[in-house]
Every structure is written in C-alpha cells, then in structure tokens.
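Undergrad: Dropping a prediction and its sequence here:
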Amino acid sequence: MLDASEGYTTEDGRKIGGVVMEMKNITLRFGGVVAIKEISFDIREGEIRAIIGPNGAGKSSMLNVISGFYLPQEGEVWFRGERRPQMKPFEVARQGIARTFQNIALFEGMSVLDNVMTGRLNHMKSGLFAQALWKGRAEAEESANRKVVENVIDFLEIQHIRKTPVSRLPYGLKKRVELARALAAQPKLLLLDEPMAGMNVEEKEDMSRFILDVNDEFGTTIALIEHDMGVVMDLSDRVVVMDYGRKIGDGTPDEVRGNQEVIDAYLGVSHD
Amino acid sequence: MPEQLIFAMEVILNGLMAGVLYALVALGFVLIFKASGIFNYAQGVMALFAAMTLVGIMQGQVPFSHLINATFGLHVTHFGWQVPAVVAIALTMAVMVLLAWCVQRFVMRHLVGQEPIILFMATIGLAYFLEGVADLMWGSEIKTLDVGLPQGINLWIDETTFNIFGYGFFIDNLDIVATVIAALLVAALVAFSQYTKQGRAMRAVADDHQAALSVGISLNFIWIMVWSVAGFVALVAGIMWGTKSGVQFSLSLIALKALPVLMLGGFTSIPGAIVGGLIIGVGEKLFEFAIGPLVGGATENWFAYVLALIFLVFRPQGLFGEKIIERV
C-alpha cells in the first residue's frame, strides 16, 4: 500500500501528502545504553502518526531526537526534503516544529493568554523600539498575532481561562494550554509527548477530539506518543511500534494490530 | 508651622532622593535574579567598572597603561584626546555588552543547571575579577566624573520653600536628575519586559527553560541580553553615584546597601526595588534625624540592615516578592 510515491488516502477519505520528516537509521546512545537502535520511518504531510511501545521502548527519546533535544550518534534527520544539520532545540522550533511535553512545560507565572502568545515569538519581526512604543508595523503585527492566538484559544475552548495564571489550572486544562501554545506557532509538524497521560476518560475523549479537529481544521501534521493503545488506534493513520529501542512494526493500526511481534511485546513474551 | 516639622520634611525629601539611588542599584540585582535565578554579587562592581570605563574613555586614557608601560618600558598614559560625554556613554555601553557576552560565554554557560549557591559563588569570583581588571585598565586613583549633569543646590526650591516656610530647603540638583532618570529607566524596563518580543522571551526563560526552548527561544541570547541590561542599569547607577561621590573603590560597596533594599522589596519585584529603596532612604535619614542624637548618631551605618533583619523575621519574601510556598 505504501511506497515512495506521493501520499495515500486514508480510510476516512483524507488525502495524505508527501514526506515531511524522515528519520534514517537513527541510533541514540546514553553512555553504554542504546536508547534507539537504527530506526527509520517517515511522517507524511497531513497525517497523524503515532509512536507506541511499552515503557522504556525509546518513544520519548525518539520525540526528543525529532525536536532537537537529543542528538543522535548515528543517522540522518530529513525535514522538508533537506538533511537537517546539527541543531539546537530552539533552532528546530524556529524551523516550524512545535512540541508539548510529557510533564507539561508551561510558563507557570504567566496567564494562559501570555503563554499562548509566546508561541508567536518567532512570528514577530518588528524592531525593539517599535515594539516598546507599540507603533506602526509593530501594532499591526501584534494584532495579527493576537488574532491567531485568539483563534487557537477559541478552537481549544479555553476562552474562560484566558486571563488565569497557569499555575492555578488543573492538570487537564494545563495540557490543553500547552497544546494551544504549540498550535499558536502554526507548526509544520506538531509533536505531542503523551498528550493523554494522567487524564481521566472524559479528558482523554476531549483531547482526542481536539487532536482530530486540529488535524482536520488546520491540516496540521501530527506525530504523537501514547501509552493508551485504544486511543492510539482510533486516532492515528499510521503507527510505529518500538520495543527496547528497536522498531518492531510500522503501518496502519490494523496492520500493526495483527503483527505477531507487536502482540508479543505488549503481552510480555520473554526475549531469549 | 513648627520648625521641627519643616526640618523633618526636608529630611524626608532628601531621603527620597537618596532612596532613588539605592533603588537604581537594587534594580540591577532584581533584573538578573528574575531572569536567571542568579543573585549577582558583582552588580556593585559592575557599576564601578562602568563608571571607571566611562571616565577613562572621556579622558582618553590608555587602557592597561600600567601594564603596557611595565612590559614595554613605555610611558604612555593618555591618547591626548577628550571624548564627548554622549559618545563615551555609548562606548561604555558597548563595553558592558561585551562584558555581558564574556560573562555568559566564559562563566555562566558552563554552569547551566547548577545549584543557585554555585552560581552565586561564581558571581563573587566575577566581582573580584572585575575589580582587578578595572584597576588594571584604568588605575586605582579616585577620579571625578562629570558628564554635564547639573549639580549643587536647586535655587528654585530653595527660594520657593523660603517664601512659604521662611526656611529654604536644600535639595541637590543631581538628586532631582537622578529621580527623573530612575523613573524613566523603570518605565523603559517595564515597557521592555511587557511589550517587546525580547522582553516576553526573557520572562519565558525565567519561568521554564525547556518550554522556552520549545517555542524557539535561544537561552544563550536571552542571558547575554539580561546581563547587558544589568550592565546598562549598572552604568546608569555608576554615573549617578560617580558624579555624586567620585569614582572610587567604595562605589562597589553601594551594592551592600542594595541588599536591605532587596530584602524589603522582595528579590523578584521591580516595583519592590523602588519602594524598598525609598523606604530605606527615607527611613535612615528620618531615624538619624529623630533618634540619632539620642544614641550618639551615625545610625545611617546600621539602620538599613536592622530594618532588613526585622523584615526577614516577619516577612521573608519582602513587601512585593512572590510568596515562598513549599508544597508537600
């Protein structure tokens, strides 16, 4: 079903485009521990791509490689048709890759609105003095950025807490604010690190709906890591399965479900 | 109006003016502390360094002249030109930015993620290093700094108050200028941190490094910027104090006066630094005026510290600081 050609069509009829990001033979080591071993996969334009696997499989490490927080010892990262040179995380972010964190990294002292506004930092071009005095181009730019931000806030249904300091919010809402900040950057690739970890059923349903809506409405390409198999299979178009740092499966949810190695990994068949 | 009350009014006014100068130094501390969690012990020395550099550039002194002369057997001291104050201030600012870059590149970058106490120790080292460099660059003799700020008694206030109270207030013009400049500086800093991209990024970095990286902020750049801003505040404080009491080593000790100001105002609050400075300034002058004669005077030496001590006992986060809550 999949080859190097231009995309494919999903079961629900969405058109998936060409390759946005490609990982080629990535190996990541921490001292003697091999966290990721020679993994290759791609992420295509407009799709929801999941990386799953048992605890310690190297999923988060993989996300950190994509977002530049970890530097792999071997392998190549290709983004939008170009090989990515060695980059700092902030440079990766400036390329248009936004992310959320497993343990939520928000600016606790700021309001929800200010947090989401930081997502626009890389879209601000006018000079320092113009901004401080709030005149001319800076003013137009500020209101354009504000519009994007308000859109995202409306979309994720967090209008009622716009002015609330983030530190006062419950866990589920914090996760949503983090997603809002990432979305505000209008990323070319959105990385979600366990977006539903620690949530109750209702919150999980909300988050799933938002992820689907984001993909649908803005056409955002999404790569996510998730523990909850049920959620992943419903959400994603294609799934990479990892176990002990290796890739043991790659394909549509149905294909992966039928893969014997994947079943073994999840049911805990001994490796000998 | 009774004579005592009129005197007290003059004392309060002078206290307010002195307080503004304390606040100027305290501001530099607050800025770096807010943005990077580092208590910058070197802030006072930075003010001294800035003032010395400014004087040196204005008088066309050859930097490191003692060193050069001793090494090569020369006798150069001055280039023989005078640099206008405005140009010299701009050049000094450039030097402070360069200093900020060096501090980040050679010291702080290697200490990212260390305990606050280690960072604090590093700034103590920085303070002594900078003091030595300043001496070596510009010589250790006391210099006068005159960038053209008005000095001496303000005659208008003297006359007006004389006409009203029958007693002329002595208010120094320099203190009035310092107050105006401090107000402008604070307004500029607030505008910078609230409304600019860099200001927003600075607040973001102060809050969470990981999150800041993920929205595309370069930590390195922000830290250099923060040290540059602190350098700018040090320069302003250096000009004010240097003009008032000459550029000399004791200038770096005004940093010690900033400590009680910070304890009063809170380490994380810009308005706190201002209010704290004013309270200390007025408090110590008024205390000296009212209680001083009873205990043999010289209360200005210790009043601020005792006040800070009392604050530490009853309100350790200061007047405006964030409340310290340990969650269990």
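TA: On my side now, so go ahead.

Undergrad: So which bits of the stretch 51-200 of chain A are right by chain B?
TA: A:67, A:69, A:88-91, A:93-94, A:98-101, A:105-110, A:114, A:117-119, A:121-122, A:124, A:128, A:131-134, A:181-182, A:185 (CB under 8 Å from any CB of the partner chain). C-beta: built from backbone N, CA, C; applies to glycine.

Undergrad: Restricted to buried residues, select those in ChimeraX.
TA: Command for ChimeraX that selects the buried part of those, burial taken from 16 or more other CB atoms under 10 Å in any protein chain shown:
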select /A:67,69,88,89,90,91,93,94,98,99,100,101,105,106,107,108,109,110,114,117,118,119,121,122,124,131,132,181,182,185
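
Undergrad: List the ones among the residues of the stretch 51-200 of chain A next to chain B that fall in strands.
TA: Counting by DSSP state E, these place A:98-99 in strands.

Undergrad: Could you chop chain A up by domain?
TA: A:1-96+A:187-272, A:110-186 (automatic domain parsing).

Undergrad: And the ones you listed: which comes nearest B:Gln61?
TA: domain A:110-186 (32.1 Å; CB to CB).

Undergrad: Kindly check the end-to-end length of the closest one for me.
TA: Terminal residues of domain A:110-186 are spaced 21 Å apart (CA to CA, to the nearest Å).

Undergrad: Averaged pLDDT, that domain. What do you get?
TA: Averaged across domain A:110-186, pLDDT comes to 86.

Undergrad: and if you look at stretch B:112-121?
TA: For stretch B:112-121, the per-residue pLDDT averages 87.

Undergrad: Could I get the CA-only coordinates of it as CSV?
TA: Output of stretch B:112-121 as CSV, limited to C-alpha atoms (Å, rounded to 0.1, in the frame of the first residue of the first chain):
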residue,chain,number,x,y,z
VAL,B,112,23.9,25.9,33.5
GLY,B,113,21.7,23.8,35.7
GLN,B,114,23.9,24.2,38.8
GLU,B,115,22.7,25.0,42.3
PRO,B,116,21.9,28.7,42.9
ILE,B,117,24.6,28.8,45.6
ILE,B,118,27.2,27.8,43.0
LEU,B,119,26.1,30.5,40.6
PHE,B,120,26.2,32.9,43.5
MET,B,121,29.8,31.9,44.2
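
Undergrad: Next, the contact list for A:Ser167, please.
TA: A:Ser167 sits next to A:108-109 when contact means CB atoms under 8 Å, 6 or more residues apart in numbering or on different chains.

Undergrad: Do you have the strands of the stretch 151-272 of chain A handy? List them.
TA: A:189-193, A:222-225, A:238-243, A:246-251 (DSSP state E, counting those that start in this stretch).

Undergrad: Is residue 145 in a helix, a strand, or coil?
TA: Looking at chain A here, since you left the chain open. Three-state call for A:Asn145 (DSSP: H, G, I helix; E, B strand; the rest coil): helix.

Undergrad: try again with chain B
TA: With three-state DSSP as the criterion, B:Leu145 reads coil.

Undergrad: Could you check how far it is from chain A?
TA: Between B:Leu145 and chain A the distance is 28 Å, computed by CB to the nearest CB, to the nearest Å.

Undergrad: you'd agree that residue is up against B:Gly56?
TA: No: here B:Leu145 lies out of contact with B:Gly56, judged by CB atoms under 8 Å, at a distance of 10.4 Å.

Undergrad: Output the below-cut-off pLDDT ranges for chain B.
TA: Scanning chain B with the threshold set as pLDDT under 70 gives B:1, B:322-328.

Undergrad: Would you tell me which helix is longest in chain B?
TA: helix B:3-36 (DSSP state H).

Undergrad: just to revisit the earlier point, now the strands of the stretch 151-272 of chain A in TSV, with mean pLDDT?
TA: Shown next, in TSV, are the strands of the stretch 151-272 of chain A (pLDDT from 0 to 100):
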stretch	mean pLDDT
strand A:189-193	95
strand A:222-225	94
strand A:238-243	92
strand A:246-251	91
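
Undergrad: Quick one: closest of the ones you listed to B:Ser36.
TA: strand A:189-193 (26.2 Å).

Undergrad: Now find how far off-centre that closest one is within its chain.
TA: 0 Å (CA atoms, centre = their mean, to the nearest Å).

Undergrad: Who are the packing partners of that strand?
TA: Under the contact criterion of 3 or more CB pairs under 8 Å, 6 or more residues apart in numbering or on different chains; DSSP states H and E, strand A:189-193 touches helix A:59-66, strand A:97-99, helix A:171-184, strand A:222-225.

Undergrad: try 6 Å
TA: strand A:97-99, strand A:222-225 (3 or more CB pairs under 6 Å, 6 or more residues apart in numbering or on different chains; DSSP states H and E).

Undergrad: Could you look over those and pick the most buried one?
TA: Mean neighbours per residue, mean count of other CB atoms under 10 Å in any protein chain shown, is largest over the helices and strands packed on strand A:189-193 for strand A:97-99, with a mean of 28.

Undergrad: And for B:Asp175, the neighbour number?
TA: 20 (other CB atoms under 10 Å in any protein chain shown).

Undergrad: Just the angle for whichever helix or strand it is part of relative to helix B:3-36, thanks.
TA: Assigning secondary structure by DSSP states H and E places B:Asp175 in helix B:173-195. Helix B:173-195 and helix B:3-36 meet at an angle of 30 degrees, taking axes from the mean of the first three to the mean of the last three CA atoms, to 10 degrees as the criterion.

Undergrad: Could you list the buried residues of helix B:173-195?
TA: B:173-175, B:177-179, B:181-182, B:185-186, B:189, B:191-193.

Undergrad: Show me what that helix packs onto, helices and strands only.
TA: By 3+ CB pairs under 6 Å, 6+ apart, helix B:173-195 packs against helix A:128-133, helix B:3-36, helix B:219-245.

Undergrad: Helix or strand for B:Leu286, just tell me which one.
TA: helix B:270-290.

Undergrad: Apart from its chain neighbours, what residue comes closest to the most centrally placed residue in chain A?
TA: By CA atoms, centre = their mean, the mean C-alpha position of chain A lies nearest to A:Leu191, the distance being 1.0 Å. Leaving aside its sequence neighbours, A:Leu191 sits nearest to A:Arg99 (CB to CB, 6 or more residues apart in numbering or on different chains; 3.9 Å).

Undergrad: Fine, thanks again, bye for now.
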